[in-house]
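In: Sequence first, then the predicted structure:
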Amino acid sequence: MFDATLHIPPFNVRLRSPLVAVRRHVETFYPQATLESGRSAFVDFNVEIAPGRGLRRFWRPQVRFLLDGTEPFFPLPAAQAAPMFEWGMNWCVAQRPMGWLVLHGAVLARGGAALIMPGFPGAGKSTLCASLAFIEGWRLLSDELTVLDPVDGMLIPHPRPISLKNASIDVVAGFAGARLGPIYRDTRKGTITHAACPPASMASAGERARAAWIVFPRFEAGAELHVERLSRVEAFTLLSEQSFNGDRMGKAGFEALCAMFDHVTCHELVYGSTAGGLEGVRRICVS
C-alpha cells in the first residue's frame, strides 16, 4: 500500500493506493513532493485511489477516486488509475472551498507578470502552454487551474504535470527538455499522457505572480496568425464562464475578478502552428 503525504503546492495531499501505477506516477511526476515520514502537516485533501469493489476487482477491473472516504464521481477502467488521480485533484481544487477563486485556465509567468489562457475545449491551450514552458522558458504556474487570492489579487502557483491529448502528444514529445509519461488510450478525453512540470517551475512554486495578460487562444490547423485586442468587458464575460466556484465565492470572488482586470490587457489569438502561437504570444506580451 502506497501511503504518503505529498506537498503539491500550495496543498498537502495524503494519497493512499495499493495500485502500482499510482505509485509510479507519483515517483515520476512528484519526486520531491513526499513529506518526511512522521512530519506533522495539515492535510487539505485526503485521497484514496482504490480498486473497484465486488466482481469489478476481477471482471473488467475499475478504479475509484475517494475524497475523505466518499466517491464524488463514477469509477473508471483500472488502466486509467494515474490519470484519475490528476483529474480527481483538479476536482478537489475546483470544488473545495479554500477561500480562493478558481478558474479553468493555464497560467504562466515571466518575472512577476502572468499570462492567463482560459481553457475552452479544443482551443489548444495545453499545447501552447507546454510550448511556452519548454521552448520560451516561461514559468509554469498551472496547466489547468488559475487560482486567484482575493486578499492580495495574486495568482497562486499550482504546478503539476501538463495534460496532453491526441495530436498534441507528438508535438510536445519533440520539445527539448520535455519528459512524457505513459500513454493512456480510450479515455473520456481520447488518448492522453502527461508532461512533467519543468524543474525550475517546481522550484519557484512559492512565488506568486500578478495577472498582466489574458489571452484566449484558438488553434485552427493552417490558419494565418491573427491577434485581436478584446475589451475588458468581453474578456470578463468569457473568463467568468470558466469559473469553477464563482457562485460560491459570491461578492468576494466577483470583486477579486474585477480587480484583476484592472491590471490586464486582453486578446484573442488564432494560430495554425506552434511557431505561430509563440509568435502571437510574443506580440502580445511585449516587454
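Out: Now that the structure is in, tell me what you want to look at. Numbers count the residues shown, from 1 in each chain.
In: mind checking the backbone torsions on Ala113?
Out: Ala113 adopts backbone torsions of phi -100, psi 130, taken as degrees, to the nearest 10.
In: That one and Arg208 touch, don't they?
Out: No: between Ala113 and Arg208 there is no contact under C-beta atoms under 8 Å: 11.6 Å. C-beta coordinates here come from the backbone N, C-alpha and C atoms, glycine included.
In: then stretch 260-274 to PDB, C-alphas only?
Out: Extracted C-alpha coordinates of stretch 260-274, given in PDB (Å, rounded to 0.1, in the frame of the first residue of the first chain):
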ATOM      1  CA  MET A 260      -7.700  41.600 -11.600                       C
ATOM      2  CA  PHE A 261      -8.900  43.100 -14.800                       C
ATOM      3  CA  ASP A 262      -7.600  46.500 -13.700                       C
ATOM      4  CA  HIS A 263      -4.100  45.200 -14.400                       C
ATOM      5  CA  VAL A 264      -4.500  43.200 -17.700                       C
ATOM      6  CA  THR A 265      -4.700  43.500 -21.400                       C
ATOM      7  CA  CYS A 266      -7.000  41.100 -23.200                       C
ATOM      8  CA  HIS A 267      -6.500  39.400 -26.600                       C
ATOM      9  CA  GLU A 268      -7.900  36.700 -28.900                       C
ATOM     10  CA  LEU A 269      -5.100  34.600 -30.600                       C
ATOM     11  CA  VAL A 270      -5.800  32.500 -33.600                       C
ATOM     12  CA  TYR A 271      -2.900  30.400 -34.900                       C
ATOM     13  CA  GLY A 272      -2.200  27.500 -37.100                       C
ATOM     14  CA  SER A 273       1.100  26.100 -35.800                       C
ATOM     15  CA  THR A 274       3.200  26.000 -32.700                       C
END
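In: Residues in contact with that stretch: which ones?
Out: The contact list for stretch 260-274 (C-beta atoms under 8 Å, 6 or more residues apart in numbering) reads 116, 124, 127-128, 131, 135, 148, 153, 171, 210-232, 234-236, 277, 279-281, 284.
In: buried ones in that stretch?
Out: By 16 or more other C-beta atoms under 10 Å, the buried positions in stretch 260-274 come out as Met260, Phe261, Val264, Cys266, His267, Glu268, Leu269, Val270, Tyr271, Thr274.
In: what pairs with the fourth one across the strands?
Out: Bridge pairing for Cys266 (DSSP bridges) gives the partners Ile214, Leu230.
In: How much space separates it from Val107?
Out: Note on Cys266: its distance to Val107, by C-beta to C-beta, to the nearest Å, is 15 Å.
In: repeat for the last one
Out: Look at Thr274 and Val107: by C-beta to C-beta, they are 19 Å apart.
In: again with the second one
Out: Relative to Val107, Phe261 is positioned 15 Å away (C-beta to C-beta).
In: go on, the third one?
Out: In this structure, Val264 and Val107 are 12 Å apart, going by C-beta to C-beta.
In: Common neighbours of those two, please.
Out: Ile116.
In: Do you have the helices of the stretch 1-150 of the chain handy? List them.
Out: Residue ranges of the helices in the stretch 1-150 of the chain, as given by DSSP state H, counting those that start in this stretch, are 20-29, 81-95, 125-134.
In: Point out the most buried one among these.
Out: helix 125-134 (a mean of 24; mean count of other C-beta atoms under 10 Å).
In: For that helix, which helices and strands make contact with it?
Out: Judged by 3 or more C-beta pairs under 8 Å, 6 or more residues apart in numbering; DSSP states H and E, the packing partners of helix 125-134 are strand 101-110, strand 113-118, strand 139-142, strand 162-165, helix 167-173, strand 210-219, helix 274-284.
In: Stretch 237-245: which residues count as buried?
Out: Quick answer for stretch 237-245 (16+ other C-beta under 10 Å): Leu238, Leu239, Gln242, Ser243, Phe244, Asn245.
In: and it, what's its mean pLDDT?
Out: In this model, stretch 237-245 carries a mean pLDDT of 92.
In: repeat for stretch 191-211
Out: Rounded mean pLDDT across stretch 191-211 is 96.
In: distance between that stretch and the chain's centre?
Out: Distance, stretch centre to chain centre, for stretch 191-211: 9 Å (C-alpha atoms, centre = their mean, to the nearest Å).
In: Look up how far Pro157 lies from Glu207.
Out: From Glu207 to Pro157 the distance is 7 Å (C-beta to C-beta).
In: where does this protein dip in pLDDT?
Out: Counting by pLDDT under 70, the ranges of the chain that qualify are 36-40, 55-56, 97, 287.
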